[in-house]
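>>> I'll drop the sequence and a predicted model, then ask my questions.
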Amino acid sequence: GQQVMQIPQYQHVQEGEDFTTYCNSSTTLSNIQWYKQRPGGHPVFLIQLVKSGEVKKQKRLTFQFGEAKKNSSLHITATQTTDVGTYFCAGYTGANSKLTFGKGITLSVRP
Amino acid sequence: KAGVTQTPRYLIKTRGQQVTLSCSPISGHRSVSWYQQTPGQGLQFLFEYFSETQRNKGNFPGRFSGRQFSNSRSEMNVSTLELGDSALYLCASSLEFPNQPQHFGDGTRLSIL
């Protein structure tokens, strides 16, 4: 079945450093979504990418969808302690398909 | 607009019992999905309901079942509970169109003793 992979599962950075994480799918995706879950909280939708090669920015966060629509990246510029949490990517393979989540990457930021 | 509401927030059960969890979606959202979250396994899809019909199903045993009512509220049931069923169960709602963002509730933390 479809698999969405996020490696590694944990990353530690110094506040102010940049951070990049990747998401890879075993199959072509119709779109990809990113979510953030703060410790003790629930996943919160961040962004959705639909087009091949699409790039979207949210303040210090930059999201990119790969040309083949099988991978995506999240880049955080100058991390802050508020960026702490687990970031999940999730993808649909087609209309009315289920949303498959990666296992997430947990980011910790040293002040 | 009120968010997704899940009840109860916490539940403790023993092996062999059954449990029913409830989810009220955001007003106007007709699609409700359920996920199991455990450390190291991430979010695993259980099932999705739309207009009272199960539209998608994950790879869970038949002990896990769900339903959706005409007002879009949903319940999931787990029978013959096992220790491995201890997890955070998250419900998410979305608009009726395909491939929409999911809006999650706070979840029900189920512990099996």
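In hand now; what should we look at? Residues are numbered from 1 along each chain as shown, chains lettered A, B, ... in the order given.
>>> so what's A:Gly1 scoring on pLDDT?
pLDDT recorded at A:Gly1 is 69.
>>> Correction: the previous question concerned A:Ile47.
The model reports A:Ile47 with a pLDDT of 97.
>>> gap between it and A:Asn71?
Distance of A:Ile47 to A:Asn71, given as CB to CB, to the nearest Å: 15 Å. (Glycine included, C-beta is placed from N, CA and C.)
>>> what does B:Gly105 give?
B:Gly105 sits 30 Å away from A:Asn71, taking CB to CB as the criterion.
>>> got it, and B:Trp34?
27 Å.
>>> Mind checking which residue lies nearest the centre of chain B?
B:Trp34 (3.2 Å; CA atoms, centre = their mean).
>>> Would you confirm that that residue contacts B:Val78?
No - contact criterion CB atoms under 8 Å: B:Trp34 and B:Val78 do not qualify, at 10.5 Å.
>>> okay, now the nearest residue to B:Lys57 once chain neighbours are set aside: neighbour count?
Of all residues not flanking B:Lys57 in the chain, B:Phe47 sits nearest, at 4.8 Å (CB to CB, 6 or more residues apart in numbering or on different chains). Residues near B:Phe47, counting by other CB atoms under 10 Å in any protein chain shown, number 22.
>>> B:Phe47 touches B:Gln54, doesn't it?
Yes - the pair B:Phe47 and B:Gln54 passes the contact test of CB under 8 Å, sitting 5.6 Å apart.
>>> Going along the chain, name the strands of chain A.
For chain A, the strands defined by DSSP state E cover A:4-5, A:10-14, A:19-25, A:31-37, A:44-49, A:55-58, A:61-65, A:71-76, A:85-92, A:100-101, A:105-110.
>>> Reformat those strands as TSV; add distance to B:Leu21 and mean neighbour count.
Below are the strands of chain A laid out as TSV (distance: least, CB to CB, whole Å; neighbours: other CB atoms under 10 Å in any protein chain shown):
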stretch	distance to B:Leu21	mean neighbour count
strand A:4-5	25	18
strand A:10-14	29	12
strand A:19-25	29	19
strand A:31-37	19	23
strand A:44-49	21	18
strand A:55-58	32	12
strand A:61-65	32	20
strand A:71-76	31	20
strand A:85-92	21	24
strand A:100-101	19	22
strand A:105-110	26	17
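>>> For B:Gly28, which of those is the nearest?
Closest to B:Gly28 of the strands of chain A is strand A:44-49 (CB to CB; 16.2 Å).
>>> distance of A:Arg110 from A:Gln6?
As judged by CB to CB, A:Arg110 and A:Gln6 stand 21 Å apart.
>>> Tell me the residues of chain A that contact chain B?
A:1, A:9, A:30-31, A:33, A:35, A:41-45, A:48, A:88, A:90, A:92, A:95-104 (CB under 8 Å from any CB of the partner chain).
>>> What parts of chain B come near chain A?
Chain B comes close to chain A at residues B:33, B:35, B:40-45, B:48, B:55-59, B:90, B:92, B:98-99, B:101-107, as judged by CB under 8 Å from any CB.
>>> try it again with 7 Å
Contacts of chain B with chain A, taken as CB under 7 Å from any CB of the partner chain, map to B:41-43, B:45, B:48, B:55-56, B:58, B:90, B:98-99, B:101-107.
>>> Are any of those buried, and if so which?
Using 16 or more other CB atoms under 10 Å in any protein chain shown as the burial test, the residues of chain B next to chain A include B:42-43, B:45, B:48, B:55-56, B:58, B:90, B:98-99, B:101-107 as buried.
>>> Cool, thanks, talk later.
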